[in-house]
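Visitor: Quick one: sequence plus predicted model below, questions after.
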Amino acid sequence: PSMGLFRRLIGREPAWTERWGMYPSGPEDRLAMYSVDLGAVDAAPVTKLPIRADVEFTYAGDDGSGMPAEPELAEIRSLEAIVDRAMRALGGAYVGRVMTGNAGRMTGYLPAAASEPALPEHPTLAPRLTLTPDPQWSRLVEELAPNEWQRNTIDDNQLLQVLEEHGVQPGTPREIEYLGYFADPEQAAE
């Protein structure tokens, strides 16, 4: 909060580099999947973008988990690209998505004077747009931002992705050597 106040006092806004992370969560006993711009989380709130734009949608799902089936996921990603472009075209930013219980919500932030973003008709997902004043970016900070455990999950997933890109199969057992250094031979013997 004090950093946000300092930024407002000197009239400068933080610039952030997009760093997307995905993580699971389980509100109550339901699975939820999050995709969040961690750069936006670190920069929040950005006072020049006080209007929250939420695009809510529904999908049939994959038989019980509340997550989308593979073909639906492609449709959701397509809608997400449209939402991202619409936010940018109006001088705003798309910051994240959550999906749970056969429903999802994409969130972005817009300047106060921005017009309403145009969304295409989509018969399957039926997106619905709402605009809400949210100068504190409460949706991002309180609902979409990962906690410490979830940030570790994001970091672990990113490390696994890098290993796989370099041809390492993380599930393959490998030999590990441990070395220990001791100040004297008695400690080493113990």
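Guide: Sure thing, it's come through. Numbers count the residues shown, from 1 in each chain.
Visitor: How many residues are close by the residue nearest to Glu72 when sequence neighbours are not counted?
Guide: Nearest residue to Glu72 in three dimensions, chain neighbours excluded: Tyr59, at 4.5 Å (Cβ to Cβ, 6 or more residues apart in numbering). For every residue, glycine as well, the C-beta is placed using N, CA and C. By other Cβ atoms under 10 Å, 21 other residues sit near Tyr59.
Visitor: With Leu179 instead?
Guide: 4.
Visitor: Ok, Leu160 next?
Guide: Around Leu160 there are 13 residues (other Cβ under 10 Å).
Visitor: one step back: looks like the residue nearest to Glu72 contacts His122 (just checking).
Guide: No. The pair Tyr59 and His122 fails to qualify as a contact (Cβ atoms under 8 Å) at a distance of 10.7 Å.
Visitor: and for those two, which residues touch both?
Guide: Glu75 (Cβ atoms under 8 Å, 6 or more residues apart in numbering).
Visitor: Excluding covalently adjacent residues, which one is nearest to the residue sitting nearest the centre point of the chain?
Guide: Centroid-nearest residue in the chain, with Cα atoms, centre = their mean: Val36, separated by 1.0 Å. Counting by Cβ to Cβ, 6+ apart, Gly96 is the residue found nearest to Val36 once chain neighbours are left out, at 3.9 Å.
Visitor: Distance of that neighbour relative to Glu165?
Guide: As judged by Cβ to Cβ, to the nearest Å, Gly96 and Glu165 stand 24 Å apart.
Visitor: Looking at these two, which one has more neighbours?
Guide: Remark: of Gly96 and Glu165, Gly96 carries more neighbours, 23 against 8, as counted by other Cβ under 10 Å.
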